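In: Generate coordinates for the sequence data below:
(chains A, B and C)
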Amino acid sequence: MFKAPTHQIKRLVILGGGTAGWMTAAALSKLLNPNLFTVTLVESDAIGTVGVGEATLPHLRFFNQRLGIDEGEFIRATNATIKAGIEFSNWGNIGDAYIHPFGDYGEPLNNVSFQHYFYQAQKRNSALNLDDYSLPVMACKQSKFAFPTTEPNLLTSTYSYAYHIDAGLYAKYLRGFSEQRGVNRVEGKVESVAMRKSDGSVASLKLDNGGVINGDFFVDCSGFRGRLIEQCLHAGYEDWSHWLPCDRAIAVQSEHNGKPLPFTKAIAREAGWQWQIPLKHRMGNGYVYSSQYISDDTALKTLFDNLPGKPSSEPNRLRFTTGKRQSSWVKNCVAIGLSSGFLEPLESTSIYLIQAAIMKLIELLPQRENLAAKRSEYNRYFSNEMDKIRDFLILHYHATQREDTPFWSFCKHLDIPQSLAEKMQLYKEIGVIEDYKYGLFLTPSWLAVYHGQGVTPAMGDVRVNKATLAHAEKYMSSLKLNIQQCVTHMPTHEHIVSMLHETEQNNPTASQLNRPANFSLYGRS
Amino acid sequence: MRAVNKVVILGGGSAGWMTAAALATVLKNQYAEIVLIESQSIGTVSVGEATIPQIALFNSILGIDENEFVRETQATFKLGIEFANWKQKGHAYMHPFGSFGTDMDAIQFHHYWLKMFQQGQAHDLDAYSLAAVAAKQGKFMRPENRGNSPLSKIAYAFHFDATLYAKYLRKLAEGRGVKRIEAKMEDVCLRDTDGFIDSLVLDNGQTISGDLFIDCSGFNGLLIDKTLNTGFEDWSQWLPCDSAVAMPCLAKNSVYPYTVSTAQDAGWTWRIPLQHRIGNGYVFPSQFVETQNAVDVLTQQMESEPLNDPNILRWKTGMRKEFWVKNCVAIGLSAGFIEPLESTGLHLIQAGIAKLLGMFPHQGFEQIDIDTYNQQTSVEMERIRDFIILHYKATEREDTEFWRYCKHMAIPDYLQNKIDLYKANGRIYRQDVELFNETSWLAVMHGQGIMPKGYHPLVDTLPEAEIHARLEHIKQVIDNSANVMPSQADYIEKYCKAIG
Amino acid sequence: MSEIHINAELKQIKVISDEHSALGGWFTSAMAAFALRDTEISVSHATSKHYTLSHGSLTLQADVLLALQDLGITEKVLIEQANATPFLANQYIGWSNKGQSSLAGLAKSGVPLNGVGFVHYLTRLRNEKRDGQWNLEAFSLNTMCAANNTFTRPSADPRSILSSLEYGLRVNAKSLCSLLKQVAVTHGKVLELDSSNPESNDKASLSMVTLDCRLCASDDSSDSLPIDTIKIIEHTPKEASLSNVLECLDNGYIERQYLQNKCYSRRFSSESFDGSDVPIESESSNSSRQFSMAKLASDTWQPDGSTIYLFETGVHQLLDDGGLGYRTQQLASLWPLLSGARLSETAVKYFCRMSAQRYKYWRDMAVLPMYLCNKDNTEFWQLATSQLVNEDLSYLVNFYVDTGVLPQFEHYPADSGLLENTLLAFERYPQNADPLSYIWDISELVSRLDKLRQLIKQTAVQLPQI
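Out: Below you'll find the predicted structure:
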């Protein structure tokens, strides 16, 4: 009776600006042939976007490179500093602290994972510290940083780095980038959405100023409410708050002491955790907490009591429900950003998920002939990405010995997902960590958290014995030395940051930037 | 804040162009943009149409010059419908416009006549209607102010070529700013916030948005039903005819100013005289009659060779459960269908338009208006339905399975009550705003052979001789008036002969 | 047997194989001996004195070759002692219409251009030009070399076209078996036991883990093929070839692997179906033997803490590498799980899950040619089509044909060149080209690809003949 559209997909419409919207617009406008596709972005200055100052993952470098964005220009435009890892304090026990680095600890020897040697060696010498075998951890501890090389045989290729950025400025930068490449920005708020009777797809957006935006394919970057993916297409939401109970955040900027650290801080608090994200001129602070356990006022007070400097903005309050959209691509609409789901920024994955979504979308560009096939595959892929990160975040909460507050008690006794329970059980028994091809956080990350939060395997690999251990110990001491020497020669992060933000001409860091990036969190793949 | 800036009419034909013309006329000064979407490839149903007097009101609102209208549509005049073979084979009666006789002393004429007729002292009913008498004589004129004479109260309607009517109205509508788009609708877009229709996607690549949508898309009800899932109330158990075959031919017999409906073994044929030819059709129940047989029956009935191949139509008798849903109003066949036995098709279109204009959603779509519209329209259609059912139910024929079915079928309570009331002592009342008045009910009930047991007792207050005299007088006046009237042919020749 | 504490030390690994699964047994023994060489754990192998392998030769790819290299069985050794020859491609003959031949190279064909898979450009040309000129084979150095019988070792320089070459090795199965036995024994650990007396070393049985590599005796016919017989024929071919040849028959198919001066053919068929084809081998064969193929049997054997089942099934027998690729994966994930006298329940569950997942992939690869074959003119092939209902392969093939992209399965290798080339050898070309491939107009695209085609052809032709 009603005919679904048959013309080829040409008009791409992005609903919403902010990081999600402008990253999408930038990528699409750069990579697609303008003869085949047009890109329109609809945003309203009236709807505030969430951007609360963000830490990122090394994958962002690959994204920028793919778009041809100069690294120096990007850093200066976003007031960025370098991020080499995240320091977690008070997670295992109050008073402890560990760094989750963008790099591995040591190296496998004879196909046996490094940590087995370490733990056996530590039995003989309790002074041994796992940190000594990670170049990025040692560098972070001394606030040092140097850009890694791509030369695979060097120690200095065994780690990676990302950034702390002002996400609002990144969006602004990408807006300029996109508009230069033909993205049509339309100002307005959506009043209603026209849906096709034939196939239930989205046909056009009606704006409050009377504008009508027609499109063939839509990207929903409208934030938590999912204006298209949920309000029109009813994708459904899988609520994960029983595993990750935090549901609010307060964010505020403050001054810092001028010496930004090359890592994000994640400080566990009474009913959640506080972040500190150092940008060039200021610190981004926030407290992610569960409203079930503390009041908004208490949270505000805790945050303000723990600022590194004077607050320099009004506090920004957010509410969220942790979870994922049951399908983030429905009919002719894909949700990118907060509309696809939410995981707290404990491991800086928000921008990563946006990027992963965009790159998958480009790999599976919707065409009339194979829309359905690409859609299923996309959903399968993105769902897996969310699930894998979710499990890793739950690990942080569950692998605790704390019971000093009802919140931490809850976390300690949490009924965790089966997938995570099996992994933790396996590690606790014999120190085996499962690697997988798709999804974030591989062996080095799991090791960092397990070790940092006091989870050690009961037994080790049988191949670690007197003979092999002796050999390993030799390796370990030379590695430790090499790392120390490396770090000594590194400049301070403070110095790097100030160099990076000098003017473009003859910038001394120029030769170290724009080195080919890859998809590994840990340096050489 | 105006709610309606743009009206989109889906479908041409009579419904579409009547709506377009009326809206363009009444919504003055470009109040709203009006767009009509039709496709040549979709044939329209209009197969030659008869009407009822109310159409004159419609034409006058549009400021139509009646003579021009008659010329442009090859129209002839209609004074009533002759029903042949409905009561019995060989019997015929007229359902005329206007009234029978005159009421006397506040009692309806027909009670006096009934008393005399039951005693064998009066002529049959037709004699007391100028329309009936003149029609049979082939006479016609428009009413002239002649005091008390029945000539002042001549009520008439038209037969015309509906395709030409639509064409005529199209010219008028386009002249008043209506935009026509030649295209077929492929898809509909609905608003997510309230389920209102947002726009129509056409096969020419255009998407037409609007605030108010009029569904004139015919039986399919593309908007009201296929899009908004309104649902249909089926009346086929009372009116089993669901098909028609239609063919035009040239006139052999003189052109009389009335429609002829001839009952067949199953169903009925129509003969609608136009200036240039005769419209013929056979309305039949597909349960009882094969299509090829229907074509044969019709061909036999026709007075001369068919000019075209037969046009076959099929429908479901009944009405939409609602006619106005959200921002969509169904007008014409999309609102429902009752066979054209009493020429009500165009009237329903006109009535729908009038109600819509009366409740036009100027500042918003109010549910109370929508509910009222729906309630009034459904009542109107139900009453018409009942009137049509009367023709079938009140038959004396039992010569075929079809007529046996009709004679013995269960009927709606409203109709049963009306029949029972008349049968008891001849009472007829027009209820609310029902379309057919006492004249019509009387004509058909009597025509179909229903004889009341009694009559209004107050009639007895007048002496029989007096009544008899008055009746004779009325008849005389009518006969005289008929004599004075010119023949329809002459009348048309003088005032409104079609060109070419 | 009394319960032994899981924390007790592991003393022994015992591998069991039988007459038909000696290869798996010796491979496992050798890998175990090597992995545990620095420990006090002994490895014993209970096997039958006389064995017949289900392969005359094996085609080994990078993962297995790397593992063998670790064992000291280098490419040089294989060439000298196992008649090894390089392997570049599979050649499929007669799988759609009789006589039609197509090549599926080992390495991914073409070169990525602008971050978009090569096959999309090819698809564009096939759809727009429709002149039959655009087949994948011409754009693969592997297949061009195979077609011209030329070979050289690939270059490490990513700028050279020679870096796009990938090769495997075909080796004599029996010789490999001996080499593996040597490795196992050389590491001073492996005791060869008579399998007729498998419990002969019970003293250590309390802290022992058994790796059971015998032929699977399961009668599970839920996953079946109409093949029940394998015939191995050893003969001297007229020519050498860098490809394995797979030829379709009316009631099965033949796989031929070419070693130095020898060719091993394996004929997969069923007695229940007529086979009118009489391949050349039967005329001048040197030796042949025939045996029943084991069931495919899905990998659901539940190990307990002290016995791991590494059965040989029909899948191992179908695969041209004898299932060594699969075994390599299994064993790599097994050693870290050995933490005590027996595996814990968690470890067992984990191993099972990983194994079963991988097995699905290997099973898919084993039946891939038969799955892709769309012949239906014989009872055999009709039956094969109806029996080979496979969810993963069906999703994969449909998705690839729809989009030109392989879906990302965790248990499949990422972006497999051989898999893609095989799909294309069986005419499963994508129907739609990725919009990103429209970056150049058609004439520019034709010119670029023509240049590439020429470069590949010239390079292939100029390399040394084998």
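In: mind checking the SS state of A:Ser126?
Out: coil (DSSP: H, G, I helix; E, B strand; the rest coil).
In: Give me the pLDDT for it.
Out: Turning to A:Ser126, the model gives it a pLDDT of 92.
In: likewise C:Ser207?
Out: 82.
In: Who are the contact partners of it?
Out: C:4, C:8-12, C:341 (Cβ atoms under 8 Å, 6 or more residues apart in numbering or on different chains). Yep, even glycine has a C-beta here, placed from its N, CA and C like the rest.
In: between these, which is closest to chain A?
Out: Ranked by distance to chain A (Cβ to the nearest Cβ), the contacts of C:Ser207 are led by C:Leu10 at 5.7 Å.
In: isn't that closest one right up against C:Val43?
Out: No - C:Leu10 sits out of contact with C:Val43 when judged by Cβ atoms under 8 Å, with a separation of 11.1 Å.
In: quick one, which of those two is more surrounded?
Out: Neighbour count, other Cβ atoms under 10 Å in any protein chain shown: between C:Leu10 and C:Val43, C:Val43 has more, with 26 against 22.
In: Could you list the low-pLDDT ranges of the chain?
Out: As the question left the chain open, I've gone with chain A. Along chain A, segments meeting pLDDT under 70 span A:46-52, A:525.
In: if you could check chain C rather than the one you did, that'd help
Out: In the predicted model of chain C, residues C:1-7, C:97-99, C:188-206, C:221-223, C:275-286 satisfy pLDDT under 70.
In: Tell me who's in contact with the closest residue to chain B within it.
Out: Going by Cβ to the nearest Cβ, chain B is nearest to C:Pro435 of chain C, at 21.2 Å. Taking Cβ under 8 Å, 6+ apart, we find C:Pro435 in contact with A:32-33, A:36-37, A:365, A:367.
In: now, which of those residues lie within strands?
Out: Using DSSP state E, no member of those falls within strands.
In: Show me which of the residues you listed are buried.
Out: For the contacts of C:Pro435, a burial check counting by 16 or more other Cβ atoms under 10 Å in any protein chain shown picks out A:32, A:37, A:365, A:367.
In: and which of those residues is nearest B:Ile42?
Out: Of all the buried ones among the contacts of C:Pro435, A:Gln367 has the smallest distance to B:Ile42: 32.2 Å, by Cβ to Cβ.
In: In contact with the closest one, which residues are there?
Out: Contacts of A:Gln367 by Cβ under 8 Å, 6+ apart are A:8-9, A:374, C:432, C:435.
In: Identify the farthest-apart pair in the contacts of C:Pro435.
Out: The farthest-apart pair in the contacts of C:Pro435, when distances are taken by Cβ to Cβ, is A:Asn33 and A:Gln367, at 13.1 Å.
In: So for stretch C:453-466, what gets flagged as buried?
Out: Neighbour counts using 16+ other Cβ under 10 Å place C:453, C:456-457, C:459-460, C:463, C:466 of stretch C:453-466 among the buried residues.
In: Could you export those as a markdown table, including secondary structure?
Out: Listed next are the buried residues of stretch C:453-466 as a markdown table, based on three-state DSSP:
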| residue | secondary structure |
| --- | --- |
| C:Arg453 | helix |
| C:Ile456 | helix |
| C:Lys457 | helix |
| C:Thr459 | helix |
| C:Ala460 | helix |
| C:Leu463 | coil |
| C:Ile466 | coil |
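In: The residues you listed: which ones sit near chain B?
Out: Of the residues in the buried residues of stretch C:453-466, proximity to chain B by Cβ under 8 Å from any Cβ of the partner chain holds for none.
In: center of chain A, which residue is that?
Out: A:Thr349 (1.8 Å; Cα atoms, centre = their mean).
In: need the contact list for that one.
Out: Taking Cβ under 8 Å, 6+ apart, one finds A:57, A:343, A:389, A:440 in contact with A:Thr349.
In: at 6 Å what do you get?
Out: A:Ile389 (Cβ atoms under 6 Å, 6 or more residues apart in numbering or on different chains).
In: just A:Pro152 next, same as before
Out: Taking Cβ under 6 Å, 6+ apart, one finds A:Arg524 in contact with A:Pro152.
In: any idea how far it lies from A:Gly523?
Out: Applying Cβ to Cβ, to the nearest Å, the value for A:Pro152 to A:Gly523 is 9 Å.
In: next one: B:Ala469
Out: Taken as Cβ to Cβ, the spacing of B:Ala469 relative to A:Gly523 amounts to 122 Å.
In: These two: who's more crowded?
Out: Set side by side, B:Ala469 and A:Gly523 show more neighbours around A:Gly523, with 25 against 11, by other Cβ under 10 Å.
In: Helix, strand, or coil at the more buried one?
Out: coil.
In: from what I can see it touches A:Thr158, true?
Out: Yes - applying Cβ atoms under 6 Å as the test, A:Gly523 and A:Thr158 come out as touching, 4.8 Å apart.
In: any shared contact partners between these two?
Out: Counting by Cβ under 6 Å, 6+ apart, the residues touching both A:Gly523 and A:Thr158 are A:Gly103.
In: What about the closest residue to C:Glu379 other than its chain neighbours? Give its phi and psi, please.
Out: Take C:Glu379 and drop its neighbours on the chain: the residue closest to it by Cβ to Cβ, 6 or more residues apart in numbering or on different chains is C:Phe273, 5.8 Å away. With angles defined as degrees, to the nearest 10, C:Phe273 sits at phi -120, psi 150.
In: C:Phe273 contacts C:Phe380, doesn't it?
Out: Yes - using Cβ under 6 Å, C:Phe273 makes contact with C:Phe380 at a distance of 4.2 Å.
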